[in-house]
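> Any chance you can model this:
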Amino acid sequence: MINAFSYSAISTFQNCPLAFRFRYLDRKPEAFVTVETHMGRSVHGVLQFAYEAPGGPGSVTTERLESHYRELWSREDPARIHLAKRDKTPESYYQAGFNMILAFQSRVMATDQRQSLGLERNFSIELAGDTIFRGVVDRIARQADGLLRVIDYKTGRTGEPLDTLQLPSYALFAFSLTREDRLELCFEDLREGVTRTAIMRRDGIGEIRERLLDSIENIRRAADFPPRPSPLCRWCGFSPDCPGVAGMSPREPQAVTSEEPAEACPECGSPLARRQGRYGPFMGCSAYPRCRYTLDLSPPPEKLSGDLICPECGSPLRERKGKFGRFLGCSRYPACRFSRDLPEEKAKGVK
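Down below sits the predicted model:
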């Protein structure tokens, strides 16, 4: 068993023990790279490039950002880029990533004068005995008041900084860089254009260390590493070799039929459970209402006209009722909050 662990390794084990075995024990290469992962890596690379510029991120022109983004995007073999959503294209993800960069440049980078103590900073700390915790921090910055900010850039779903162990575990290292008794944790939500922050105090280090050790002990005690089939399997690069989805395309994962928790929530790590809502079946986080992650499991209609598809995420729109009457809302709510009025011919029949 390995002695060095990362937050990624811990969360992979919580989500799917077999994926953990493939990646960290067998060192098995993934069959593909998801387009979401490729987009995220490219966006991260551009932000690192901008913050490493001699004149600071504000000195980097839009043209240079786009040129570097295009270069990073082209480094991956197109044949390895996997599209789990059939209604999307690599070009649409490319543009979505660049739009995130432009929005962040306007919102933060153009005027960001904070000193960077680390960019894509690798670290390794001893938790206990021979147990090592490793990680990579996107950025550690010193603010004008001297307070350190531990920053992680998110191109996908995100919650609050204290909802998961990720940023608190990075703080174990960041506190070694300052004498202050507190620092700031920050998720830069690039998709939503929101900065989410929280204060963590030095006296909370012990609790975080114990939580990490407990999670690691669960991994060490594992006698086997079973798969956990779910709709998220289509994004897993190990799915072609996974017995949980044997004989199925990674685009067509095995349906979840168990009433027991199927996997860990990708936002907070709590168990997910299949539930039945007023609009059909869905996977919901057991930590609700603290965590509101959901994944709609309702099969979409065989054919959807353009006005029944969410223009923001491509998911089916569903008829719902609010305090002002019926409307069409995205089936991925609350992850996607798009809504629109009912088509006129249908609204006329609603009282």
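
> quick one: terminal-to-terminal distance for stretch 98-118?
Stretch 98-118 has its terminal residues 24 Å apart, counting by CA to CA, to the nearest Å.

> With stretch 142-152 instead?
Stretch 142-152 end-to-end distance (CA to CA) = 15 Å.

> try stretch 28-38
Stretch 28-38 has its terminal residues 19 Å apart, counting by CA to CA.

> From here on, call the first residue 30.
Let's use 30 as the start, then, which means that last one is stretch 57-67.

> List the buried residues of that stretch.
For stretch 57-67, the neighbour count (16 or more other CB atoms under 10 Å) marks 59, 61, 63-67 as buried. All C-beta atoms are positioned from the backbone trio N, CA, C, and that covers glycine.

> Over to stretch 109-128?
For stretch 109-128, burial by neighbour count (16+ other CB under 10 Å) applies to 110-114, 122-123, 125-127.

> Any idea which of the residues you listed the model trusts least?
Lowest in pLDDT among the buried residues of stretch 109-128 is Lys114, which has 85.

> Starting from the helix or strand containing Gly126, tell me the next helix or strand along the chain.
Element membership for Gly126 (DSSP states H and E) is helix 119-136. With elements assigned by DSSP H and E, the helix or strand that comes after helix 119-136 is strand 144-157.

> contacting residues for the nearest residue to Ser153 once chain neighbours are set aside?
Leaving aside its sequence neighbours, Ser153 sits nearest to Arg163 (CB to CB, 6 or more residues apart in numbering; 4.8 Å). By CB atoms under 8 Å, 6 or more residues apart in numbering, Arg163 lies in contact with 33-35, 151-154.

> cool, Ala79 as well?
Counting by CB under 8 Å, 6+ apart, Ala79 makes contact with 86, 89, 94, 134, 138.

> can you count the residues close to the second one?
When you say that, I think you mean Val89. Neighbour count for Val89, taken as other CB atoms under 10 Å: 20.

> Ala82 is in contact with that one, correct?
Yes - counting by CB atoms under 8 Å, Ala82 is a contact partner of Val89 at 5.0 Å.

> Counting neighbours, which of the contacts of Arg163 comes out on top?
Phe34 (23 neighbours).

> in what helix or strand does the nearest residue to that one once chain neighbours are set aside lie?
In space, and not counting its chain neighbours, Phe34 is closest to Ile245: 5.3 Å by CB to CB, 6+ apart. Assigned by DSSP H and E, Ile245 belongs to helix 234-250.

> Quick check: buried residues in that helix?
Under the neighbour-count criterion of 16+ other CB under 10 Å, helix 234-250 has 237-238, 241-242, 244-245, 248 buried.

> Tell me which other helices or strands it touches.
Under the contact criterion of 3 or more CB pairs under 8 Å, 6 or more residues apart in numbering; DSSP states H and E, helix 234-250 touches strand 33-35, helix 36-44, strand 144-157, strand 160-171, helix 195-203.

> Could I get the average pLDDT for the third one?
Strand 144-157 shows an average pLDDT of 95 in the prediction.

> And the shortest one, by the same measure?
Strand 33-35 shows an average pLDDT of 94 in the prediction.

> do the same with stretch 303-321
For stretch 303-321, the mean pLDDT works out to 65.

> Could you do stretch 45-65 as well?
Here the average pLDDT along stretch 45-65 is 95.

> Gly222: what's it in contact with?
By CB under 8 Å, 6+ apart, the contact set of Gly222 is 132-133, 136.

> So what's the gap between the helix holding Gly126 and the chain middle?
Per CA atoms, centre = their mean, to the nearest Å, the displacement of helix 119-136 from the mean C-alpha position of its chain is 16 Å.

> so how far is Ala48 from the nearest residue to Tyr53 once chain neighbours are set aside?
Nearest residue to Tyr53 in three dimensions, chain neighbours excluded: Ala38, at 5.4 Å (CB to CB, 6+ apart). Per CB to CB, to the nearest Å, Ala38 is found 10 Å from Ala48.

> intersection of neighbour lists for these two?
Contacts common to Ala38 and Ala48, judged by CB under 8 Å, 6+ apart, are absent.

> my guess is Cys215 meets Leu177, correct?
No - with contact defined as CB under 8 Å, Cys215 does not count as touching Leu177 (10.2 Å).

> what ranges do the helices span in this protein?
Using DSSP state H, the helices found in the chain span residues 36-44, 46-49, 64-80, 91-103, 119-136, 195-203, 234-250, 373-376.
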